[in-house]
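Q: sequence-free structure coming up:
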């Protein structure tokens, strides 16, 4: 998992090309907001989408039913699973 740098202040600096900044300023003006709010809200929407994509598992109705069935009635462990469990340390 990537490391996340967290600073304890509310400031973030970005370097962007002048043409990119001009587009962001224009878009912010069209939304009747300031540049900071526009960039923050846009970035947060994208961050939420990335996080949801990484954390949410989507399954078809058929697969969901199969998952529930396996959770309620798990199969007997096979030899590989028993060997793996036996190889675990006895205490953590």
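A: Sure, I can see it. Note that the coordinates shown come from a computational prediction; the quantities given were computed from them, not determined experimentally.
Q: what residues does the longest helix seen in the chain touch?
A: Longest helix of the chain, by residue count under DSSP state H: helix 35-55. Applying Cβ atoms under 8 Å, 6 or more residues apart in numbering, the contact partners of helix 35-55 are 14, 24, 25, 27, 28, 31, 33. Yep, even glycine has a C-beta here, placed from its N, CA and C like the rest.
Q: name the element residue 29 belongs to?
A: In the assignment (DSSP states H and E), residue 29 maps to helix 18-30.
Q: mind listing what's buried in that helix?
A: 24, 28 (16 or more other Cβ atoms under 10 Å).
Q: rewinding a little: so which pair among the contacts of helix 35-55 is furthest apart in space?
A: Every pair in those was compared (Cβ to Cβ); the two farthest apart turn out to be 14 and 31, at 18.6 Å.
Q: for residue 41, the count of nearby residues, please.
A: 13 (other Cβ atoms under 10 Å).
Q: state the distance from it to residue 91.
A: Using Cβ to Cβ, to the nearest Å, one gets 49 Å for the distance from residue 41 to residue 91.
Q: for residue 8, same thing?
A: Shown here: residue 8 relative to residue 91, a distance of 37 Å by Cβ to Cβ.
Q: isn't residue 34 up against residue 28?
A: Yes - Residue 34 is in contact with residue 28 according to Cβ atoms under 8 Å; the separation is 6.2 Å.
Q: next SSE after the longest helix of the chain?
A: helix 61-72.
Q: which residues sit against that next one?
A: With Cβ under 8 Å, 6+ apart, helix 61-72 has contacts from residue 59.
Q: I'd like the next helix or strand past that helix.
A: helix 79-87.
Q: what's the spacing between that following helix and its chain's center?
A: Distance of helix 79-87 from the chain centroid (Cα atoms, centre = their mean, to the nearest Å) equals 32 Å.
Q: sounds good, over and out.
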